[in-house]
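Novice: Got a predicted structure here, sequence first:
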Amino acid sequence: MVGTSHSEDKKRLAKNTLVLYLRTAIVMFVQLFVTRLVLQSLGADDFGIFNVVGSMVVLFTFISSAMASSSQRFINYELGRGTHSSVNKVFSASMTTQIVMASLLVVIIEIIGLWLLNSRLNIPQERTEAAKWVFHFAMVIFFVNTVRVPYEGSVIAYERMSFFAYASIIDVILKLIIALSLRFSGADRLVTYGGLLMAESIAMFFVYRYFCKSRFKTCQYRIVRDGKLYRQLFSYIGWTVLGSGANVLTHQGFVFMINIFYGVAVNAALGIANQVNTAIVQFVNSFQISYRPQIVSSYAKDDIEHLNRLVSLTSKYSFALMIIPSTILIFNMPLILKLWLSEVPAYCVEFCQAIIICTVIDAISGSYNAAIMATSKIRNYQIAISASFMLDLLFSFALIKMGVLPYLVIISRIATRGVLNMIIGLKFMSSLVRFDVGKYLRDVIFPIAVILVSLTPFCLYLYSNTEGWTMFCLSSLYVTSFLGLSVYFCLLSKSERAYLKETVLSKIGCPI
């Protein structure tokens, strides 16, 4: 019976990963088009004002992300234990927590934001009033999206990934309609855009609320008076905020250091690289959404053996799904950036290539974080990774003082946020969930290393001797075929290959 259940888990994981992969591809494509339309409708100045005002709110989103992680973990955990009353209790307590925290943050951000708008930000006098309206609209969006978190957490906890994908697509299509309608607006387009985005976020809140209340009995909100539960929620949020805050702080510190020592031209190259990274990270996040519920549920059931298998399997899935597009991007970055930007800033190619390497490492080790966060014993882990983030900043500074080329500073990020965080994750998994690190290294990391070492020489030969579309066609053909076969025969186990073969044959209607 357990074997059947685990087999269903694998099928559901594969299906959810594919659904979210396609969802991310659609959302990314539409978002790029939306950005272009909004820029055309608002003009460069108003578009810049919109982004500056929005950035003041985005700076605090790491706190709401920590609250989202907390809500989802506790809902997942209680759902894994199978008691609906306790799930409803956690959902209600999470909703209360979100409302209280969101209200406090809105007050704080409003005070700071209005002070910045009135006295510090460089906004044309005649557009100050419009900027204030956009800021207030952004605050409503922030509040609504934060309060929506327990509903989103419930959708993910129950693994209704099809609805999550459809809702995300509806969300971005509504934003596309808003962008298209702007050109027909006779009112102030900046204010109109902010107001329509606010209305759209409220509409999506009610979509999630209606779906959850109609499908899940556990999503009926009630007042909960349980001091112990609230202390657990706030403690979890607090330690998660520590890690997220350290991440944001060191990231912004790196941007400032690049600006101080290398100038705005290199900042432009880094900014483009971060845009490329943001697009790729969306794919990584879609994988994490698909496997987190099962990892937390396995821990809640004390099924540590299955949790260990899930961690290994998701590392393999993440690598398999990321490595082909990432490798093609890395070796064809000069062509891709030339087509996209026309004029490519100095060092932009190298920044993009280095940051993609970081993202691939993050994809492999993402399941470590899910397993550790499932335990709720996260204090020491968050302190450790926060220290790792600070080390990244210190090593980056040391490399800059050594006079290295700007893009080589990313070596620090690969070493700390990549390799060191992977080691930290394995250490804490070993102690918290009795994870078999040796088996994982043999079954996952060693095959991945062999694949990468085997792949690199021919790709480097192509990179040195071809360019342009010739390089793109040859490298794409080689990378796709080599990595496809390598992942199938070298990375996947015999049972995983049999399962994959059975699934593919059944989908295309061939006899098994």
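Specialist: All right, it came through fine.

Novice: To what extent is Q98 buried, counted in neighbours?
Specialist: When neighbours are defined as other Cβ atoms under 10 Å, Q98 has 25 of them. Quick note: C-beta positions are derived from backbone N, CA and C, even for glycine.

Novice: before we move on, what about M28?
Specialist: 16.

Novice: Run through the residues that contact it.
Specialist: A279, Q282 (Cβ atoms under 8 Å, 6 or more residues apart in numbering).

Novice: Could you look up the SS state of it?
Specialist: Three-state call for M28 (DSSP: H, G, I helix; E, B strand; the rest coil): helix.

Novice: Please report the distance of it from S318.
Specialist: Distance check for M28 against S318: by Cβ to Cβ, to the nearest Å, it reads 18 Å.

Novice: And for L18?
Specialist: 13 Å.

Novice: Looking at the two, which one has more neighbours?
Specialist: The residue with more neighbours, out of L18 and S318, is S318; 23 against 15, by other Cβ under 10 Å.

Novice: how close does that one get to I295?
Specialist: 13 Å.

Novice: Which neighbours do the two have in common?
Specialist: With Cβ under 8 Å, 6+ apart as the test, S318 and I295 both reach S367.

Novice: and the residue nearest to I448 when sequence neighbours are not counted, how far is that from S326?
Specialist: Excluding the flanking residues, the one nearest I448 by Cβ to Cβ, 6 or more residues apart in numbering is F319, at 5.7 Å. To S326, F319 is 10 Å away according to Cβ to Cβ.

Novice: list the residues that contact both of those two?
Specialist: V360.

Novice: the more surrounded of these two?
Specialist: F319 (24 against 20).

Novice: and G243, what does it touch?
Specialist: Counting by Cβ under 8 Å, 6+ apart, the residues that G243 touches are Q382, I385, S386, F389.

Novice: cutoff 7 Å now
Specialist: Q382, I385, S386 (Cβ atoms under 7 Å, 6 or more residues apart in numbering).

Novice: same check, this time on F458
Specialist: Counted by Cβ under 7 Å, 6+ apart, F458 has contacts Y478.

Novice: Show me the strands in the stretch 301-450 of the chain, by range?
Specialist: Applying DSSP state E, counting those that start in this stretch to the stretch 301-450 of the chain gives no strands.

Novice: hmm, which helix or strand of the chain has the shakiest average pLDDT?
Specialist: Ranking every helix and strand in the chain by mean pLDDT, DSSP states H and E puts helix 494-507 at the bottom, with a mean of 70.

Novice: residue ranges with poor pLDDT in the stretch 151-300 of the chain?
Specialist: For the stretch 151-300 of the chain, the stretches with pLDDT under 70 are 287.

Novice: switch the cut-off to 80
Specialist: 186, 248, 251-252, 255-256, 259, 264-265, 267-268, 271-272, 274-290 (pLDDT under 80).

Novice: so where do the helices sit in it?
Specialist: 161-182, 189-215, 227-262, 264-300 (DSSP state H, counting those that start in this stretch).

Novice: Tell me which of those lies nearest to F395.
Specialist: helix 227-262 (10.6 Å; Cβ to Cβ).

Novice: between whichever strand or helix holds I108 and helix 189-215, how many degrees?
Specialist: In the assignment (DSSP states H and E), I108 maps to helix 84-119. Helix 84-119 and helix 189-215 are oriented at 170 degrees to each other (axes from the mean of the first three to the mean of the last three Cα atoms, to 10 degrees).

Novice: Report all helices and strands that the helix or strand following helix 84-119 contacts.
Specialist: Downstream of helix 84-119, the first helix or strand assigned by DSSP H and E is helix 128-147. Counting by 3 or more Cβ pairs under 7 Å, 6 or more residues apart in numbering; DSSP states H and E, the packing neighbours recorded for helix 128-147 are helix 2-58, helix 84-119, helix 189-215.
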